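# for reference, the sequence and a predicted model appear below.
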Amino acid sequence: MRDTLADKVRTRRVKAQGSQLFSTPSLPSAAMMSQERSNGTQDAIEALRNDIAGGCASSMTIARSLGALRSAGMNNRDIAAALQVSSAWISRRLGLLKAPPQVRLLIESGELSENDYYRHRRSLAGKANLRRYQRIPTITISFESGRALAELLQYLATRHNASPIRLGVKPSKKEIIEILNHRALDMRRYIG
């Protein structure tokens, strides 16, 4: 018994090869497209290398070119090797693409340098975004002052019929900190 599936596949291949010999040129093969793409990538790398060496391109132009190389499938390490720069240099330029549009225009026009952007990027993002980067300030008070504040909060809670604050005769530092951290904001509305 012969393998009929293998015969069918073989005849299809022979027919396909014969039709390619006498047909009009078809779409380029994947290998040819890959070769053209790599030639285009090499040309883009060479142009970018010249721009960097000449110092004539703005940081945003370089960032856009790097972004195009990333879109073509290259990673930062490959781009850095091709341009003979560090990966950190590539990452820093690509980071400009994440800047708000108004800031990108300022960098493009030369009104804002790349270094100034990185130095002041939090304040450039706007006051609303700045709040999420701010740390809550900490203060240092003595144990006795903390206990006195906890006792004031306890007094306010009982006076205004709020949920009671339980403070032992000799409260620990942990208990005082918990009362100050968790109940101080609740009791603030009764102060004035």
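Cool, got the structure. Numbering: from 1, shown residues only.

# this structure: strands as residue ranges?
Using DSSP state E, no strands are found in the chain.

# break it into its domains for me.
Listed by automatic domain parsing, the domain ranges of the chain are 33-98, 100-134, 143-188.

# output those in JSON lines; the columns should cover mean pLDDT, distance to residue 13 and mean neighbour count.
Any C-beta I mention is one placed from the backbone N, CA and C, and that applies to glycine too. Output for these, formatted as JSON lines (pLDDT from 0 to 100; distance: least, Cβ to Cβ, whole Å; neighbours: other Cβ atoms under 10 Å):
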{"stretch": "domain 33-98", "mean pLDDT": "83", "distance to residue 13": "22", "mean neighbour count": "15"}
{"stretch": "domain 100-134", "mean pLDDT": "70", "distance to residue 13": "54", "mean neighbour count": "13"}
{"stretch": "domain 143-188", "mean pLDDT": "82", "distance to residue 13": "77", "mean neighbour count": "13"}
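
# now those in CSV, with distance to residue 7?
Output for the domains of the chain, formatted as CSV (distance: least, Cβ to Cβ, whole Å):
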stretch, distance to residue 7
domain 33-98, 33
domain 100-134, 63
domain 143-188, 81
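
# which among those domains is found nearest to residue 10?
Taking Cβ to Cβ, domain 33-98 is the member of the domains of the chain nearest to residue 10, at 28.1 Å.

# residue ranges for the helices of this structure, please.
4-22, 30-54, 59-71, 76-83, 87-95, 101-109, 114-124, 127-130, 143-159, 173-188 (DSSP state H).

# those helices: which one's closest to residue 167?
helix 143-159 (5.1 Å).

# off-centre distance for the closest one?
Per Cα atoms, centre = their mean, to the nearest Å, the displacement of helix 143-159 from the mean C-alpha position of its chain is 45 Å.

# name the residues that touch it?
141, 162-165, 167, 171, 173, 175-177, 179-180, 183-184, 187, 190-191 (Cβ atoms under 8 Å, 6 or more residues apart in numbering).

# go again using 6 Å as the cut-off
164-165, 167, 176, 179, 183, 187, 190 (Cβ atoms under 6 Å, 6 or more residues apart in numbering).

# just the CA trace of that helix, in PDB.
Output of helix 143-159 as PDB, limited to C-alpha atoms (Å, rounded to 0.1, in the frame of the first residue of the first chain):
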ATOM      1  CA  PHE A 143       7.100  60.500  74.400                       C
ATOM      2  CA  GLU A 144       5.500  62.800  76.900                       C
ATOM      3  CA  SER A 145       4.200  65.200  74.200                       C
ATOM      4  CA  GLY A 146       2.700  62.200  72.300                       C
ATOM      5  CA  ARG A 147       1.000  61.000  75.400                       C
ATOM      6  CA  ALA A 148      -0.400  64.500  76.100                       C
ATOM      7  CA  LEU A 149      -1.800  64.700  72.500                       C
ATOM      8  CA  ALA A 150      -3.400  61.200  72.800                       C
ATOM      9  CA  GLU A 151      -5.000  62.300  76.100                       C
ATOM     10  CA  LEU A 152      -6.400  65.400  74.300                       C
ATOM     11  CA  LEU A 153      -7.800  63.300  71.600                       C
ATOM     12  CA  GLN A 154      -9.400  61.000  74.200                       C
ATOM     13  CA  TYR A 155     -10.900  64.000  75.900                       C
ATOM     14  CA  LEU A 156     -12.300  65.300  72.600                       C
ATOM     15  CA  ALA A 157     -13.800  61.900  71.800                       C
ATOM     16  CA  THR A 158     -15.700  61.700  75.100                       C
ATOM     17  CA  ARG A 159     -16.800  65.300  75.000                       C
END
